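1. Structure for the following, please:
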Amino acid sequence: MQKEILIAGFGGQGALFAGQVMAYAAMDNGKEVTWIPSYGPEMRGGTANCTVVIADDEIGSPLVKNPPAVIAFNLPSFDKYEELVQPGGVLIVNQSMVDRGASRTDIITIFVPGNELAEEIGDRRLLNMVMVGALLTRLPELSIQDIETALNAHLPERHKKLLPQNRLALQRGYDYAQKELEKQII
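-> Here you go, the predicted model:
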């Protein structure tokens, strides 16, 4: 098994942290992992994306050309990466920042109002965990429990007070995406 995941948005949305937590979760479960961040020179608002590769065996290359899983936090990321998703793959889209529908029918596209769900929980910075939760509906390699365990193990002590909110954000994203998937099957 080898699964490539690309997470993209703009600085400040938590795309890099989302990928890092997923990498920790996989690594803590004995998987081989790479996490490669990429970001623009701006402190906030510039491009930010990362690739995570999870595998059972040694990873030959951390570079990803056509990932089977993408999270797009904003419209520029959706525009750029929709065409690159592997046929049969999944694209999780932050509907709060995207004003168009999907153009491809050979992938599963799940629109999630990530900003709104995060704000309902009480902190817009939880967007990243909402979107990771949504991806977990189509990523059998990791579970919500795996991500929660990684957060608990790897968050700095000063941020541990945020664990309950992160758990709630993961579950909200998962539940929302699961309902959207059920609508697509009908």
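
2. show me what contacts P87?
-> 106-107 (Cβ atoms under 8 Å, 6 or more residues apart in numbering). Yep, even glycine has a C-beta here, placed from its N, CA and C like the rest.

3. if we go to 10 Å?
-> Shown in contact with P87 (Cβ atoms under 10 Å, 6 or more residues apart in numbering): 66, 68, 104, 106-107.

4. Now do the SS call for it.
-> coil (DSSP: H, G, I helix; E, B strand; the rest coil).

5. Distance-wise, check Q145 relative to P164.
-> 15 Å (Cβ to Cβ, to the nearest Å).

6. How many neighbouring residues does V93 have?
-> A count of nearby residues for V93, using other Cβ atoms under 10 Å, gives 27.

7. what bridges to it?
-> A72, F111 (DSSP bridges).

8. What score does it have for pLDDT?
-> Each residue has a pLDDT score; the one for V93 is 97.

9. roughly how far apart are it and E182?
-> 17 Å.

10. And Y174, by the same measure?
-> Y174 is 13 Å from E182, by Cβ to Cβ.

11. which one is the residue nearest the centre of the chain nearest to, not counting chain neighbours?
-> The centre of the chain sits closest to V132, judged by Cα atoms, centre = their mean, with a distance of 3.9 Å. Leaving aside its chain neighbours, V132 sits nearest to A18 (5.1 Å; criterion: Cβ to Cβ, 6 or more residues apart in numbering).

12. Report the mean confidence score over stretch 132-142.
-> Here the average pLDDT along stretch 132-142 is 94.

13. Pull out the buried residues from it.
-> In terms of neighbour count (16 or more other Cβ atoms under 10 Å), stretch 132-142 has its buried residues at 132-139, 141-142.

14. The helix ranked longest in the chain packs against which elements?
-> Ranked by residue count and defined by DSSP state H, the top helix of the chain is helix 163-185. Packing partners of helix 163-185 (3 or more Cβ pairs under 10 Å, 6 or more residues apart in numbering; DSSP states H and E): strand 90-94, strand 108-112, helix 114-121, helix 127-135, helix 144-154.

15. For P76, find the nearest of the ones you listed.
-> strand 90-94 (11.6 Å; Cβ to Cβ).

16. relative to strand 108-112, how tilted is that closest one?
-> With axes from the mean of the first three to the mean of the last three Cα atoms, to 10 degrees as the basis, strand 90-94 and strand 108-112 are set at 20 degrees to each other.

17. higher neighbour count, Y174 and E182?
-> Y174 (21 against 9).

18. gap between the nearest residue to the more buried one once chain neighbours are set aside and N49?
-> In this structure, Y174 finds its nearest non-sequential neighbour in G133, 4.0 Å apart by Cβ to Cβ, 6+ apart. As judged by Cβ to Cβ, G133 and N49 stand 19 Å apart.
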